[in-house]
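A.B. asks: sequence plus predicted model, see below.
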Amino acid sequence: MKVQALLFLSALVLLPSCKDDDEEALTSYITCPDDHHPHLIDLGLPSGTKWSCCNIGATTPEQYGSYYAWGETVEKTEYGAENYKYCTWEDKNGNGKYDLNDGDPLFQQIGDDIAGTDYDVARVKWGETWKMPTLEQINELLRNCTWSWTPQNGINGVRIVGRNRGTIFLPAAYYYREDRMPKQGLSGFYWSSNPYLDYDASYLMFDSISWDSRHYHRSFRYYGYPVRAVSK
Ligand SMILES: [Zn+2]
C-alpha cells in the first residue's frame, strides 16, 4: 500500500504542468546574460509581463532595428497612406498605390488588439510567445519602472529599471513618415497592439525629458514605428 501511494505521488509530481495557453515559457533574466539577443527581461512587473532586450530586427539592445506600419509585418522604404496595406482607398489606375484624394484615408479595421495575431510582427518574426505590447503593458512599464534618458554605447535612448533592478534600454529610433528618414537619436516611438478610434493606434513616445503613452487623432497607422516585443 505504501509503495502504491509513493508511486501515485511520484506520478503527480512528474506530470507536466498544464498552462492555459499551452505555450512554452522562455527563460527570463534581469540583464542580458550574453550577446545572443533577444533575451526576455524580467522587470518585476505586477502582471508578470517580460520585455525583450532589443527591438524587432535588431541584434543588439542599442540597434534601432526594423520599422513597420501598424499591423504590417514587412519593412518598406516609404510609409504613406497610399501604400499602407490596410488602407481602403481605391487603386483606380492599377499602379499598386491607392489614389490620393482630398479626404482622409480610410482603413480596414483589423481588431481591437492585434497582439498574437497574423498582424503582429513580433509573433510573425520571432514566433514562440513573443507579442506586440498592449497599451496596458506599456502603461504598466511607465508606472512601475524608473525611466531616465541615458545614452548606451553612444546611442540616445531611455534606460528603464524595474523594482527588481531588471533593466532594458530603448533606443530613440524615431519613425518613418512617407519617404522621410527617421530623426534617429531625437525621440522614440513604439507601437502598441491597440488601435485608437478608426485612424490611429496607441504608442509609446519619449524624448530626453518626458515619456508617455499616446495616440494621435488622424491617420498615423501608416507611419513606420519600431516594435519592442513582450512575453510572459
Ligand atoms: Zn539581450
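C.D. replies: Nice, I can see it.
A.B. asks: when you work out contacts or count neighbours from here on, use the C-alpha atoms and nothing else.
C.D. replies: Will do.
A.B. asks: low-confidence ranges in the chain?
C.D. replies: For the chain, the stretches flagged by pLDDT under 70 are 1-25, 91-93, 96-103, 219.
A.B. asks: residues contacting Gly185?
C.D. replies: The neighbours of Gly185, taking C-alpha atoms under 8 Å, 6 or more residues apart in numbering as the test, are Ile155, Asn156, Gly157, Pro171, Ala172, Ala173, Tyr174.
A.B. asks: how far does the lengthiest strand in the chain sit from its chain's centre?
C.D. replies: Looking across the chain with DSSP state E, the single longest strand is strand 188-196. In terms of C-alpha atoms, centre = their mean, to the nearest Å, the centre of strand 188-196 is set 8 Å apart from its chain centre.
A.B. asks: quick check: the farthest pair among the contacts of Gly185?
C.D. replies: Ile155 and Tyr174 (12.4 Å; C-alpha to C-alpha).
A.B. asks: if we can go back for a sec, want to throw the contacts of Gly185 into TSV with neighbour count and distance to the ion?
C.D. replies: Formatted as TSV, the contacts of Gly185 follow (neighbours: other C-alpha atoms under 10 Å; distance: C-alpha to the ion, whole Å):
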residue	neighbour count	distance to the ion
Ile155	18	16
Asn156	23	18
Gly157	25	16
Pro171	30	14
Ala172	29	17
Ala173	27	18
Tyr174	24	21
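A.B. asks: SS state for Phe169?
C.D. replies: Three-state call for Phe169 (DSSP: H, G, I helix; E, B strand; the rest coil): strand.
A.B. asks: what does Ile138 give?
C.D. replies: helix.
A.B. asks: quick one: neighbours of it, just the number.
C.D. replies: Counted with other C-alpha atoms under 10 Å, residues neighbouring Ile138 total 20.
A.B. asks: how about the residues of the protein near the ion?
C.D. replies: Cys32, His37, Pro38, His39, Cys53 (C-alpha under 5 Å from the ion).
A.B. asks: I figured Gly166 hits Leu45, correct?
C.D. replies: No - look at Gly166 against Leu45 with C-alpha atoms under 8 Å: they stay out of range, at 9.8 Å.
A.B. asks: what ranges does this structure have for its strands?
C.D. replies: Going by DSSP E, the chain shows strands at 28-29, 40-42, 50-52, 146-149, 157-161, 167-171, 188-196, 200-206, 211-214, 230-231.
A.B. asks: ok, what's across the strand from Trp211?
C.D. replies: Phe206 (DSSP bridges).
A.B. asks: follow-up on the earlier one: I'd like the strands of the chain written out as CSV, with distance to Ala122 added.
C.D. replies: Shown next, in CSV, are the strands of the chain (distance: least, C-alpha to C-alpha, whole Å):
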stretch, distance to Ala122
strand 28-29, 17
strand 40-42, 13
strand 50-52, 10
strand 146-149, 24
strand 157-161, 21
strand 167-171, 16
strand 188-196, 10
strand 200-206, 15
strand 211-214, 19
strand 230-231, 8
